[in-house]
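# Dropping a prediction and its sequence here:
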Amino acid sequence: MNSENKYSVKAFLKGFHKVEVGQKIANCEFGFDSNRSQYFLSTIVSADSMKEAKRKGESRLFQVLSVFVVYTGIYYSISTIGVDQISGEQPFLHSGEVILGRLTYLPISKEKIEEIGKLVMLLDKLPSQEQSTKRVDRAINYFLKGCFFETQKGEYVRAESFLNFYKAVEIISHDFRKSFDKKVSGQLETTLLTDITEKEIEKLRTTKRLIQFMCKKLGITNVCDISRIVELRNEFSAHASLEEVNVSKKEIDDCKTLAAKTIMKYADHIKRSPLDSPAL
């Protein structure tokens, strides 16, 4: 690759918070295009072609915006991706069609952006091939889907939102199965049940207990009624269609809050602690 071919890749945001122009987050930066009246998030990449630059830039910008979604609970729509070659031969400008509809959200503080940036940098440092890293990536993806469904209209959007937020919690809880079993086994060794089998311990490891155990390990307290969240999830399994289960706005918000806190706490946890890392 010719390292002198550098490109500025910009994600123009259909709606975003009022932020300080020029503020950096990880290796990205916020800007405002007065002609479009839109905020954008940009990054610089080295590439051999516009196509490669767009792919690399989009990947990074989407990652940063994904972490924003986890912190704010808002799904951000990108109206277009723009690519400018800023050094090297054959400079060019490329941008797609702009969607003019625009939303305005409450301002977001510089301190909050710095906090989000720390999580982005933390995710950057996690080994890409580790099962725990793949697990947090999948959890973030489920969270994004949940927030996306909140922006949609239809019969099943509430159910879809809840189920995706729940999946984000559930997939992370799986990394605590071995430590849960070890804790239970240790407690039982102090009783007469010293010959308990793995299958018997597995029966004690209900989804509710595992999520409660995970929350305790991650320091998540007073977020929601976990028993109700799991009970509601089981109602979906017992019915043939999503429309048969009624999910309240509060129940969705509770599960969403739990999912967001789980992702944030878990990312820090896997940096500091060895995990069970069972197969996904």
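Done, it's in. Residues are numbered from 1 along each chain as shown.

# you'd agree Y266 is up against L218?
Yes. Assessed by Cβ atoms under 8 Å, Y266 is found in contact with L218 at 6.3 Å. Bear in mind the C-beta positions are built from the backbone N, C-alpha and C, glycine included.

# These two - which one has more neighbours?
Neighbour comparison, Y266 and L218: the larger count goes to Y266, with 26 against 18 (by other Cβ atoms under 10 Å).

# leaving aside the residues next to it on the chain, what's closest to that one?
Using Cβ to Cβ, 6 or more residues apart in numbering and skipping the chain neighbours, the partner closest in space to Y266 is I172 (5.0 Å).

# how much space between that neighbour and S59?
23 Å (Cβ to Cβ, to the nearest Å).

# quick one: which of the two has more around it?
More crowded of I172 and S59, by other Cβ under 10 Å: I172, with 27 against 12.

# what's near enough to touch that one?
In this structure, I172 makes contact with R135, V136, A139, M214, T262, I263, Y266, judged by Cβ atoms under 8 Å, 6 or more residues apart in numbering.

# neighbour-wise, which of those leads?
Each of these was scored for neighbours by other Cβ under 10 Å, and T262 scores highest at 28 neighbours.

# Could you count how many residues lie near S248?
Number of residues near S248 (other Cβ under 10 Å) recorded here: 11.

# Which helix or strand in the protein has the lowest average pLDDT?
Least confident element among the helices and strands of the chain, by mean pLDDT, DSSP states H and E: strand 93-95 (a mean of 38).

# tell me which element the residue nearest to Y266 is part of?
Element membership for I172 (DSSP states H and E) is helix 157-173.

# Send me that helix as PDB with only the CA atoms.
What follows is helix 157-173, C-alpha atoms only, in PDB (Å, rounded to 0.1, in the frame of the first residue of the first chain):
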ATOM      1  CA  VAL A 157     -41.300  -3.700  17.200                       C
ATOM      2  CA  ARG A 158     -41.700  -3.600  21.000                       C
ATOM      3  CA  ALA A 159     -41.200  -7.400  21.200                       C
ATOM      4  CA  GLU A 160     -38.200  -7.200  18.800                       C
ATOM      5  CA  SER A 161     -36.600  -4.400  20.800                       C
ATOM      6  CA  PHE A 162     -37.000  -6.300  24.100                       C
ATOM      7  CA  LEU A 163     -35.700  -9.500  22.700                       C
ATOM      8  CA  ASN A 164     -32.600  -7.900  21.200                       C
ATOM      9  CA  PHE A 165     -31.800  -6.100  24.500                       C
ATOM     10  CA  TYR A 166     -32.300  -9.300  26.300                       C
ATOM     11  CA  LYS A 167     -30.000 -11.200  23.900                       C
ATOM     12  CA  ALA A 168     -27.200  -8.700  24.700                       C
ATOM     13  CA  VAL A 169     -27.500  -9.500  28.400                       C
ATOM     14  CA  GLU A 170     -27.800 -13.200  27.900                       C
ATOM     15  CA  ILE A 171     -24.800 -13.700  25.600                       C
ATOM     16  CA  ILE A 172     -22.600 -11.900  28.100                       C
ATOM     17  CA  SER A 173     -23.900 -13.900  31.000                       C
END
